[in-house]
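Participant: structure of the sequence below:
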Amino acid sequence: MPKPVDPEPRGRFDPSRRLQRKSDFDRVFREGVRARTAHLQCVAAGRVGPSRVGLAIGAGAGGAPARVRLKRLVRAAFRSSVAARPAWREAGIDLVVSIRQPWPEADLRQLGAELELAIDEVTRRAAARRGSRPRSNP
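Facilitator: Just a heads-up that it's a prediction; the model follows:
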């Protein structure tokens with residue numbers, strides 16, 4: 001019996017699961033729905049294909065070592081959130097996660113809880129938007 005293939009070996013995101021181009025980030029910020037928690041902001045926009053994630057951790061989150069640490073924590077929290085919601089992986093959503101303020105005491109458990117709240121909220125808002133009248137493009 002063949003061994004199942006891990007879609008994200010060693011906990012890494014396949015490049016097709018990451019937002020990488022500025023145009024992708026711009027589209028999500030322009031068209032997406034937003035949700036905020038005490039420390040995070042998530043913006044999500046629909047797409048055709050598997051869900052992807054992008055990080056926008058600016059200088060407001062602290063110095064370079066603090067930003068690198070927060071990015072690492074957000075990626076780990078996102079991996080565990082997606083593992084808990086396998087249907088979300090194929091839902092066709094681009095998600096941008098940003099840190100709203102410095103958060104030096106952040107740990108994986110806290111960040112994971114806030115990220116799950118934000119993902120649930122943007123998913124709910126996106127579903128409500130799809131059920132409403134479609135927006136026209138200017």
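Participant: what is the burial count for Lys106?
Facilitator: Just to correct that, residue 106 is Ala rather than Lys. Number of residues near Ala106 (other CB atoms under 10 Å) recorded here: 20. Backbone N, C-alpha and C define where each C-beta goes, glycine included.
Participant: got a list of what it touches?
Facilitator: His39, Arg69, Leu70, Leu73 (CB atoms under 8 Å, 6 or more residues apart in numbering).
Participant: what would those residues look like in CSV with neighbour count?
Facilitator: Compiled in CSV, the contacts of Ala106 are given as follows (neighbours: other CB atoms under 10 Å):
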residue, neighbour count
His39, 19
Arg69, 16
Leu70, 24
Leu73, 19
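Participant: need these in TSV with distance to Leu111 and pLDDT, can you?
Facilitator: TSV is the format used below for these (distance: CB to CB, whole Å; pLDDT from 0 to 100):
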residue	distance to Leu111	pLDDT
His39	8	87
Arg69	10	88
Leu70	8	87
Leu73	5	88
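Participant: most widely separated two among these?
Facilitator: His39 and Arg69 (13.4 Å; CB to CB).
Participant: so, low pLDDT: which residues of the protein?
Facilitator: The model of the chain has pLDDT under 70 over residues 1-13, 130-138.
Participant: and the residue nearest the centre of it, which of the three is it?
Facilitator: With distances taken as CA atoms, centre = their mean, Leu95 lies nearest the centre of the chain, 3.8 Å away. Put simply, Leu95 is strand when judged by DSSP: H, G, I helix; E, B strand; the rest coil.
Participant: my read is that it contacts Arg47, right?
Facilitator: No. Assessed by CB atoms under 8 Å, Leu95 is found out of contact with Arg47, at 10.2 Å.
Participant: what touches both of these two?
Facilitator: With CB under 8 Å, 6+ apart as the test, Leu95 and Arg47 reach no residue in common.
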